[in-house]
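In: Show me how the following folds:
(one chain, ligands or ions: 1)
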Amino acid sequence: MTDLDKHQRMANAIRFLAIDAVEKANSGHPGLPMGAADIATVLFTEFLKFDPTSPNWADRDRFVLSAGHGSMLLYGLLYLLGYEDFSLDELKNFRQLGARTAGHPEYGHGAGIETTTGPLGQGLGNAVGMAIAERLQSNRFGENLVDHYTYVLAGDGCLMEGISQEALSLAGHLKLNKLIVIWDNNGISIDGKVEITDSTDQQARFAASGWNTLSVDGHDPVAISAAIRQAQASDRPTLIAAKTTIGFGAPNKSGTAKVHGSPLGAEEISLTRAALNWPHEAFEVPSDILDAWRIAGLRSAQAHKDWQKRFAEADAETRAEFERRNRGDLPAGFSKAVLDYKKKLADEQPTMATRKASEAVLTVINEVVPETIGGSADLTGSNNTKTSQTEPVIPDDFSGRYIHYGIREHGMAAAMNGMALHGGLIPYSGGFLIFSDYCRPSIRLAALMGQRVIHVMTHDSIGLGEDGPTHQPVEHFAALRAIPNLAFFRPADITETLECWQLSLENRDGPSVLALTRQNLPSLRKSYEEDNLCAKGAYVLIDSDDDAAVTIFATGSEVEIAVDAHKDLSAAGIAVRVVSVPSFELFEAQSDDYKAAVIGNSPVKIAVEAGIRMGWDRFIDSDGIFVGMSGFGASGPYKELYEHFGITADAVVAAAKAKLSV
Ligand SMILES: Cc1ncc(C[n+]2csc(CCOP(=O)(O)OP(=O)(O)O)c2C)c(N)n1
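Out: Now for the predicted structure:
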C-alpha cells in the first residue's frame, strides 16, 4: 500500500463513519466530514500533539471544530484515535438523547471536545482566546511547560459571521503565530453556492489584518502537510484556504448543498462505497486502518513523557502554582484579603460609584490572584477594570495582565471563553451593560459550557445620564437573568460589590456578570459581617420590629432609594423592611424557608429597579407595586431622569401610602 493509498483509506474511515452515523441517526451533516477528511487525517496523523490516554494534558495542541455541524468529523477522529469516551457504540448513538455524540460538539460530554461549537464563528473566537492563553501561560511558566498550537477547522459560515472579523483582527494584531486556521473552502452553504451571498476575498481579508495566508488543494495530503509546516514556522497567525469538495466521494451529491444537513440515503451511500472503493459494512473499519489510526493516536506519547519529565524537574513552587491554576483553585490568601478589605470598608463607609468600587476591589483581588486577566472593549477608563498590577498585553510581550480588546465585545467574550477553556487563567472583561447584547451569544455559551468568565458591565441604567436611551439598559437585567447558569449581580454599594466579586471568582462552573453604576452610591452596609450576605441572592438589609406593613425590594443603585423611602415611611409611623436583591439566581437556589422568610408577608410589596418589571412578580406578586421603567430611557442629567421616570423615594412613599390608604 502506498502512502497515498494509506492516507486515502484512513480518510475514508472518517468519511464512512460520518456517512453511517448520519444515516443511522437519520439526521446530521455528512458533507463537511467527507470534504474535510483529508485535512483532518494529515493534521491528526502528522502534526497534532495530543495523548488520547491523557486528553486533558495541559500542553496538548488544541483543535477546535468551529464548523460544529460537522461534529461527526470530530467524533470519528476521537474514536479512531482511541479516546476512551468515544466508542463505536457512541458513534452509533449519534444525536441520541444522553449520547456523548450530541448533534453539535458539547464541551463536557466527552474528553477530546475542547469547546462547544455550532453557532458559527464562535469556535474561531474561542480559538483566539486559547492562543492568547497559550502565549500568556508560556510567558509565565516558560516554553518548557507551555508550548502548543491551536488549530481551527472553520467553514464558509464561520468566516461569514461578523464575529470572525473581530476574532481575526484581534489575532492578527496580537501576532498569535501559533494559531492556525484551516478554512474548509468548499464554496457551499445551505442555500447553495456561497457565491450567491458572498464574494469576499477571504485571503485578502485575513492578510489585511496581519495574517499569513496560504492556499492549498484540500484533498492533496502532501500539499496540506507542506502548508501546515509553513504555518507553524510563521511569525503571524495563518489562514490556510483549503479548497475541498463538500461530500467528497458521493457521485451525485458531492459539491452540492444536498450533502448538507441530511443523510445521503441508501442508494447514494452504496454508490459512494463503490466510488471510494470501501467495500465494508456500516461502521466497519478494516483492522489495518483502525490500527494505523490507533498508532497515530500514540504519536505524541513520547512528547507527553518528555513534558512530564520537564514538569517533574521544575521547582516545587512552580509545579504547585501551575497545577493550582489549572485546577482552577483560588490561592490560599484570597479569602483573608476579601475579609480584611471588608472590615476596612465597614470602618470607612466610602461613597462611590460601583464601577469605581469594582476597581478598588479588583486592586485587592489582583494582588492576591495572579491568574486574573483583565480587559475592556475600549472602555478602560469607564469600566475601571485596569488596576495598578495589570500592565497591557502587547503583540510582542505577553507578560502583562490586561488586554485592550478594542471595540470588539463579541470577539472579547468569545476569546474569554477560549481562555477559560484553555485553563490556568480567569478572564474578566469590561464593557457597557447595554452592549451585553453585542456579546450575548458568547455569554450564553459560557453558561452552557460552565466556564468561569466574569463580565464587568458598567453604566447599568438610566443612571448613566446624558448618553441617552441608546446607551441605557432597560430590558437587559431581565434578559441576562433569563440565561440559565449565568450569575447576574447588581450590587448596591462597595461592600456588595466586593461580595459579588468574591462570588464571581468562586463561581467555578459558570459565568458572572457584574452590573455596575456610573453614579455615586453611599455605603449601605453599616456593620462588618463576615458572612457574604450577597451569597443568598437577597437578604434583609433593614428589618422591622413590628410586622412590616411594607417591604421594599431593590437592586443596585435603587437600594439607596428604598432606604430613603424607608426613612420617610418610618417617620410616618409605617413599619417597613428593605430587602437588597443582588442576584435573582442565587436567591432561587436558597431553601424554600429562607425564600419565604425574605419575601415575607407584608400586605404591600414594592420593587424598585431602573429596568423593566419582568421577573419581579416573583417577589411582589402580580398585584405588587413596581417602581421602574416601562419603556426606553432618555438623554439628560441622571437625577432629572430619575425624577422624570418616577423612580424616587417620594414615588415609593406615595405608592405605599396610597395602597395602605393612609
Ligand atoms: C450563527 C449560526 N447561524 C446559522 C446556523 C445554521 N447553519 C448551520 S451550518 C450552516 C451553513 C454553513 O455553511 P458552511 O460553513 O459552508 O458549512 P458546509 O456547508 O461546508 O458544511 C448554517 C447556516 C448556525 N449553525 N450558526
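
In: show me the contacts for the residue in the stretch 401-550 of the chain positioned nearest to the ligand.
Out: Residue of the stretch 401-550 of the chain nearest the ligand, by CB to the nearest ligand atom: residue 441 (7.4 Å). In this view, the C-beta of every residue, glycine as well, is placed from N, C-alpha and C. The contact partners of residue 441, taken as CB atoms under 8 Å, 6 or more residues apart in numbering, are 119, 122, 163, 410.

In: So what's the residue count around the third one?
Out: To tie it back to what came earlier, the one meant is residue 163. Residues near residue 163, counting by other CB atoms under 10 Å, number 24.

In: The one 5 residues further on too?
Out: Here the number of neighbours of residue 168 (other CB under 10 Å) works out to 28.

In: Secondary structure element holding it?
Out: Here residue 168, judged by DSSP states H and E, is contained in helix 163-173.

In: and the closest residue to residue 378 other than its chain neighbours, which of the three is it?
Out: Distance criterion CB to CB, 6 or more residues apart in numbering; nearest residue to residue 378, sequence neighbours excluded, is residue 407 at 4.6 Å. Here residue 407 is coil, with the state taken from DSSP: H, G, I helix; E, B strand; the rest coil.

In: Quick check: residue 407 touching residue 380?
Out: No - between residue 407 and residue 380 there is no contact under CB atoms under 8 Å: 11.9 Å.

In: And the two? Which one has more around it.
Out: Neighbour totals were compared for residue 407 and residue 380, and residue 380 leads with 17 against 13 (other CB under 10 Å).

In: before we move on, back to that, roughly how far apart are the residue of the stretch 401-550 of the chain closest to the ligand and residue 463?
Out: From residue 441 across to residue 463, the span is 27 Å (CB to CB, to the nearest Å).

In: go on, residue 300?
Out: As for residue 300, its distance to residue 463 is 54 Å (criterion: CB to CB).

In: Contact residues of this protein facing the ligand?
Out: Counting by CB under 6 Å from any ligand atom, the residues of the chain lying close to the ligand are 29, 31-32, 67, 69-70, 118-120, 155-158, 161, 184, 186, 188-190, 246, 260.

In: The residue in the chain that the ligand sits nearest to: what's it in contact with?
Out: The chain approaches the ligand most closely through residue 155 (2.5 Å), counting by CB to the nearest ligand atom. Residues near residue 155 by CB under 8 Å, 6+ apart: 32, 66-67, 70, 120, 183-184, 186, 189.

In: Try it again at 7 Å.
Out: Residues in contact with residue 155 (CB atoms under 7 Å, 6 or more residues apart in numbering) are 32, 67, 184.

In: just residue 372 next, same as before
Out: 365-366, 401, 426, 428.

In: follow-up on the earlier one: filter the contacts of residue 155 down to just the ones in helices.
Out: Of the positions in these, residue 32 sit in helices, assigned by DSSP state H.

In: Nearest to residue 492 among the contacts of residue 155?
Out: Proximity of the contacts of residue 155 to residue 492 (CB to CB) peaks at residue 67, which lies at 44.6 Å.

In: how far away is the residue nearest to that closest one when sequence neighbours are not counted from residue 296?
Out: Spatial nearest neighbour of residue 67, excluding adjacent residues (CB to CB, 6+ apart): residue 155 at 3.6 Å. Residue 155 sits 24 Å away from residue 296 when distances are taken as CB to CB.

In: try residue 154
Out: Distance of residue 154 to residue 296, given as CB to CB: 23 Å.

In: between the two, who's got more neighbours?
Out: residue 154 (28 against 20).

In: Show me the helices in the stretch 401-550 of the chain, by range?
Out: For the stretch 401-550 of the chain, the helices defined by DSSP state H, counting those that start in this stretch cover 409-422, 440-449, 476-481, 494-506.

In: In TSV: the ones you listed, plus mean pLDDT.
Out: Below are those laid out as TSV (pLDDT from 0 to 100):
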stretch	mean pLDDT
helix 409-422	98
helix 440-449	98
helix 476-481	98
helix 494-506	98
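
In: out of those, deepest packed?
Out: Mean neighbour counts were taken over the helices of the stretch 401-550 of the chain using mean count of other CB atoms under 10 Å, and the top value, a mean of 29, falls to helix 409-422.

In: got the contact list for that helix?
Out: Contact with helix 409-422 is made by 107, 114-115, 122, 125-130, 132-134, 163, 166-167, 170, 373, 375, 377, 405, 425, 427, 429, 431, 435, 438-439, 442-443, 445-446, 449, 451-453, as judged by CB under 7 Å, 6+ apart.

In: between that helix and helix 440-449, how many degrees?
Out: With axes from the mean of the first three to the mean of the last three CA atoms, to 10 degrees defining the directions, helix 409-422 sits at 20 degrees from helix 440-449.

In: any chance of the contacts of residue 155 in CSV, plus pLDDT and neighbour count?
Out: Formatted as CSV, the contacts of residue 155 follow (pLDDT from 0 to 100; neighbours: other CB atoms under 10 Å):
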residue, pLDDT, neighbour count
32, 98, 27
67, 98, 29
184, 98, 29
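
In: which SS class is the nearest residue to residue 472 once chain neighbours are set aside?
Out: Leaving aside its sequence neighbours, residue 472 sits nearest to residue 633 (CB to CB, 6+ apart; 3.6 Å). Using three-state DSSP, the structure places residue 633 in coil.

In: Tell me if I'm right that residue 633 and residue 470 touch.
Out: No - using CB atoms under 7 Å, residue 633 makes no contact with residue 470, being 9.1 Å away.

In: Nearest to residue 568, out of the helices of the stretch 401-550 of the chain?
Out: Nearest of the helices of the stretch 401-550 of the chain (CB to CB): helix 494-506, 23.0 Å.
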